[in-house]
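> Just to be clear, the model below is a prediction. Sequence and coordinates:
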Amino acid sequence: MRKLLLISIVLITGLVFASRLFYLQIYDTSFQKLSENNAVKTEFIYPQRGYIFDRNGKLLVANQPSYDVMVIPRNVKNLDTLELSELLKIPKEDFTKILEKSWVYSPRLPSVVIPQLTKGEYAYISEKMYKYEGFYIQKRSLRDYQVTNSSNVLGYIAEVNNRTISENPYYQMGDLMGKQGVEKQYEDILRGVKGVKYIQKDRFNRDIGPYKEGIFDTLPQRGKDLTLTIDETLQKYGEELMINKRGGIVAIEPATGEILSLVTAPYYDPGLLVGRERSKNFTKLYYDTIAKPLFDRGLQGEYPPGSPFKALTALIGMQEGVIDTKERITCHGGYKYGRNKLLGCHHHRTPLAMEAGIANSCNAYFCTVYKRIIEKYPSPQEGIDNWKKHLSSFGLGNYLGYDLPIGKRGFIPNSDYYNRSYNYPKYKWYASATISNAIGQGEVLLTPIQMVNFTSAIANRGWYYKPHILKNIVGVDTIPKIFTEKHTTTIDKEFFEPVVEGMFDVYNNGTASHIQIPGIEICGKTGTAENYIRIDGNRFQLTDHSVFVAFAPKDNPKIAIAVFVENGYWGSRWAGRIASLMIEKYIKGEITRTDLENFVLNGSLEEEYAKPYSGIPFTINN
Amino acid sequence: MAGSRSIIRFDWITIVIFLALVFIGWINIYSASLETNTAAFLDFSQAYARQLLFIGLSVLLIIFILAIDAKFYERFSSIIYIVSLVSLLLLFPLGNTISGATSWYAFGGFSLQPSEFAKAATALALAKYVSDLQTNMEEFKHQLRAFLIILLPAIFIVPQPDPGSALVYIALIFPLYREGLHFVYLLLGFFVAALFVATLAFGVIWVSLGVLIIALIFYFKNKKKRSQKILKYSIIAAACIGFSFSVNYIFENVFEQRHRDRFNIVLGKEVDAKGIGYNTNQSEIAIGNGGWFGKGWTQGTQTKGNFVPEQHTDYIFSTVGEEWGFIGSLFVVILFVALIIRIIILSERQKSQFRRVYGYSVASILFIHFFVNIGMVIGLLPTVGIPLPFFSYGGSGLWGFTILLFIFIKLDASNYINS
């Protein structure tokens, strides 16, 4: 026993130590994370964000240095709150609140105190920053906009929010990321890759050199530059034409699907969302719920398309074999359906065959064709679903799949929709119940970009590429495959020619004959869409939306365009004129009809927009 | 002829383990004391460079120790002991104060710490006394004398003040137990040591409370003869609390502030600037950081950042933990266990009682250092600053342990010659 005591104690001690070591080193991993946190500091080097160019190589967006005042709450010592808040030019209470917030976010990770100092502020503050332990200035790269237009296309960058940080480990507090437009869509390409530097710290939190001689460090990779399909000149011109009007213009190149311009009005200067005033300006834009400047009408506005839709009715009618180009249909001031309901029409010659029907936008003609399309099938359900199948092939009624982060589906009703509305099979419904679809009123809703897309498909006589905003990534040869896949419609090529001729007649002797462009063969279609608004629970009809789609030239079209002017009354009044000016600007590069131009530039619909909010009774369509 | 035979008889297992420990110790000191911006390799302002010098000198020391006739150590043990006591006493008028403790003699650039050498001297004296034919460890008078031999140096060391080094002498109760001391003394010895450390570490109030609770538990657990036991338990509890209070009293009133500071440094209270348990926390973090295989030599982030205080001296094992991982630290633990057990086995083989007692003393002293130091570094024991033998930075420590061990190796070798 006496011989064994010490040996036993030694052995037991050895075993206890071994198990304790196992616990510390293998079993309990919390010690490992803790140690990474206090001994190695991670420092990020931010790369330059990629530049953005327009289709002609004009620089739209560059970068400018920006300086953020950052804080690591744990390292703050002996802080004179009043003095620092005065230096930073913010009220003491706000400053205290920011500091409290940063504590809550993390005591040891950096938080932003003041974002985006100007160069002047930076020079002034940086000299004194050394006095405040725990605070430092982080250099970042901010956007420097070279143009005052295209804000809806370009989007903006802003600080990441907590949700993004928790979802995507790439981002840290204070990082900037694309939040809208191209900046958001192509964030991964534009941002580049952050560089990382691991720095060994000692127990006083001083840097003592790179961790492991920097073998884990990485260099930042500059973001790639993008070339957009946007023609900046056209875009700028479009925005100017839309001053004091609300609506959208979308123009694409039919042969490629490239978006030449995407205008929404009202618009704002992208420069507003840069710098220290950013959040103030953003709030102002965000809370303008009447003009809705952040609402991209070209992509998000869902409107009844009105008469341009008639072109599609004609195409489907021919494909289904229910009409040909020769048959004349009589119009008695409108289309009679049901017992004694009349869908009115305006005055024109009668009877008309297809081309003239399109040119004169005869309601009776298209209602007749529509009814035949639906009634060709044994039940209206089958008829409607077949009709919808044709429309879907033009990219209507669903997301179009373009490369911008926002959009709407639009709406093309199907049999389920009407079955539900009419409580089928308890009550039956027939083609005439849906007759408004024939002329693009009724349930049909399209976004302007969908309208330009079907126009482009007509211009191409039966096919289209998905509209897209990315022309190429500088240094990369390919663009996403979905934009180089040709989509073919369900309508045979031969049926397009009469419709194109009809749309050509719209300019020659139809509803838009007064806005011809000398020397350019334009095909177009006017539209006038009824619309309503709800104010305090009451439904008011407002002045019709002015709609216009067009493409030019008639053969080998260079541009297809859809213009939508809210409450602009009849199609050629505003939308048609704007479309005609845009086409001339794009194809000729200059405007020959300065009277027309001046009329549009100086025209204002503000009075019209103020009507429903004025509180006094108002009249429409005048 | 005798010389060459004795070389063969040296216990090479012990020597190899010793060399391994010194080597591993040095590479860890190198890592722990390495500054990122050092120019020259052998810059003697650097701890690792000085330690290399100490190792070199200890080789000379080993040759010297092994060259001396084994009988010298037994014959001159009393004189060595007395010289060592005198050197401890002379510290009070002549010694140099380094970080609060008057434990060093300064010779030019060097300083020597006699308490490190006193361990070997005390072990020799104890072995000499116990092996005396007239000594009977079951007799109280002889027990008292043996305790006196052990406690004298400790008593001189405490007021330097160096409570850690003094505490080590308690380990010498193991050889006495091996030679016939009653088991109760062993328990008592540990109990006193535990009370002593606990009082300084946690304060007299907590210790008293703890003693009372333990006494009550024992009392109520024992259902028989409660009336008789109540007196017994009260006396024991009172004695414990009285001891704790007297330790506290001496600490607070007899010692000066500089002494108290030193105590606090040794007990880890002083460097604990960032709150209770900072040292232990940092040391645990560093060790935990090692994982299975460690971060690799000189790659420990905690080690490089100097997060662990005193890392190249008392906390050197945390470097092993971080840079060599579980495998590395387990290897070091195994080396120590193997060394101590090897010494115990060799001791049992000795034909002379002197050599056996001395061997046991060596094993016990190495063990208590190993136990207290690593126990502290891995967070199992309260902070008591004593070095890890052969490992921790410091010339006196290294030489003290080298002398302690190699006298035994020499004695062991002579075991076979004299037969």
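In hand now; what should we look at?
> Tell me if A:Lys389 really is in a helix.
Yes: counting by DSSP: H, G, I helix; E, B strand; the rest coil, A:Lys389 falls inside a helix.
> Could you check the pLDDT of it?
A:Lys389 is assigned 93 on the pLDDT scale.
> Likewise for B:Ala363?
Per the predicted model, pLDDT is 96 at B:Ala363.
> quick one: contacts for it?
Residues near B:Ala363 by CB atoms under 8 Å, 6 or more residues apart in numbering or on different chains: A:6, A:10, B:174, B:340, B:343-344, B:347. C-beta: built from backbone N, CA, C; applies to glycine.
> The helix or strand harbouring B:Leu176 vs chain A: in contact?
Using DSSP states H and E, B:Leu176 sits within helix B:173-178. Yes: Helix B:173-178 is in contact with chain A by CB under 8 Å from any CB of the partner chain, via B:174, B:177-178.
> Need those residues in JSON lines (columns: neighbour count and pLDDT).
Output for the residues of helix B:173-178 next to chain A, formatted as JSON lines (neighbours: other CB atoms under 10 Å in any protein chain shown; pLDDT from 0 to 100):
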{"residue": "B:Phe174", "neighbour count": "24", "pLDDT": "91"}
{"residue": "B:Tyr177", "neighbour count": "21", "pLDDT": "90"}
{"residue": "B:Arg178", "neighbour count": "24", "pLDDT": "90"}
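> Count the neighbours of the residue in the stretch 251-400 of chain A that chain B sits nearest to for me.
Here the stretch 251-400 of chain A gets closest to chain B at one residue, A:Arg276, 37.5 Å apart by CB to the nearest CB. Neighbours of A:Arg276 under the rule other CB atoms under 10 Å in any protein chain shown: 14.
> so what's the nearest residue to it once chain neighbours are set aside up against?
In space, and not counting its chain neighbours, A:Arg276 is closest to A:Gln116: 5.3 Å by CB to CB, 6 or more residues apart in numbering or on different chains. By CB under 8 Å, 6+ apart, A:Gln116 lies in contact with A:66-68, A:140, A:142, A:274-276, A:278.
> what's the answer for A:Tyr377, then?
By CB under 8 Å, 6+ apart, the contact list for A:Tyr377 reads A:383, A:386.
> confidence score at it?
Each residue has a pLDDT score; the one for A:Tyr377 is 90.
> part of a strand, is it?
No: using three-state DSSP, the assignment for A:Tyr377 is coil, not a strand.
> and B:Glu252, how many neighbours does it have?
A count of nearby residues for B:Glu252, using other CB under 10 Å, gives 10.
> Over to B:Thr135?
Neighbours around B:Thr135, by other CB under 10 Å: 18.
> same check, this time on B:Gly385
Other residues lying near B:Gly385 total 24 when counted by other CB under 10 Å.
> Distance-wise, check the closest residue to B:Ile170 other than its chain neighbours relative to B:Ala154.
Counting by CB to CB, 6+ apart, B:Ile170 lies nearest to B:Ala193, which is 4.9 Å off, once chain neighbours are set aside. Distance of B:Ala193 to B:Ala154, computed by CB to CB, to the nearest Å: 11 Å.
> Which one's more surrounded, the two?
Taking other CB under 10 Å, B:Ala193 and B:Ala154 do not tie; B:Ala154 has more neighbours (21 against 18).
> Go through the contacts of B:Ala363 and flag which are in helices.
Among the contacts of B:Ala363, the members found in helices (DSSP state H) are A:6, A:10, B:174, B:340, B:343-344, B:347.
> Closest to B:Ile62 out of the residues you listed?
B:Ile343 (16.1 Å; CB to CB).
> I'd like the distance between the closest residue to the closest one other than its chain neighbours and B:Leu172.
Once flanking residues are discounted, B:Ile343 sits nearest to B:Ala363: 4.3 Å by CB to CB, 6+ apart. According to CB to CB, B:Ala363 stands 11 Å off from B:Leu172.
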